[in-house]
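[1] Could you look at this predicted model? Sequence included:
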Amino acid sequence: MTDGGLFAWGQNINGTLGDGTLNNSSVPLGVKFPKTVSAVTAAAAGTFHSLAVTNDGLYAWGTDIAGQLGTSLTKRKITPAKVRAEDNAAAVGAGEYFSVALQPSGSTRSSSDRRGEFRITDIHFHAPDPATGRAARGG
């Protein structure tokens, strides 16, 4: 396993640090990714879980009490678990009991139910129009 360049520290009661233990740490520890991960391009931390976009896809770890890991396991994971093979993400965000992922196409996926499923939405993000400052319309 490798750290993929991502380090975490602090409270680890739910495996949020992803180092394979439940021990708190006051110093940075490498997150324990599978060997297929060589680089992390984005990461986010929620209250009880963490997310990372890697060269090998989207990974999540920590507690899964509300399905926020998106792995459909609803169990605690103390090392990163791949969300789904078909889930690609450009950016991620996390809250207390939910996760969101921005796909390269601009659509989003979110986990907000107890089944831990990421659902494609019709939300698209657009850059503001430089002339008006308003978000462009479209889908």
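    Alright, I've got the coordinates.
[2] residues touching Leu69, list them.
    49, 60-62, 77, 81, 83, 99, 111, 116 (Cβ atoms under 8 Å, 6 or more residues apart in numbering). Quick note: C-beta positions are derived from backbone N, CA and C, even for glycine.
[3] Closest one to Phe7 out of those, please.
    Phe7 lies nearest to Trp61 out of these, by Cβ to Cβ, at 13.8 Å.
[4] That closest one: neighbour count?
    The tally of other residues near Trp61 (other Cβ atoms under 10 Å) stands at 28.
[5] Please name the residues that touch it.
    Residues in contact with Trp61 (Cβ under 8 Å, 6+ apart) are 15-16, 18, 31, 49-50, 69, 77-81.
[6] try it again with 7 Å
    Trp61 is in contact with 15, 18, 49-50, 77-81, counting by Cβ atoms under 7 Å, 6 or more residues apart in numbering.
[7] Give me the subset of those lying in strands.
    Among those, the members found in strands (DSSP state E) are 49-50, 77-81.
[8] Farthest pair within these?
    Using Cβ to Cβ, these span at most 12.5 Å, a distance reached by His49 and Thr79.
[9] and those two? which has more neighbours close in?
    His49 (30 against 17).
[10] Tell me the confidence at that one?
    With respect to pLDDT, His49 has a value of 93.
[11] The one 3 residues further on now?
    Ala52 is assigned a predicted lDDT (pLDDT) of 94.
[12] what about the strands in this structure?
    7-10, 25-30, 40-45, 49-54, 57-62, 77-82, 91-94, 99-102, 107-111, 119-124.
[13] Lowest average pLDDT across these?
    The weakest mean pLDDT among these belongs to strand 119-124, with a mean of 41.
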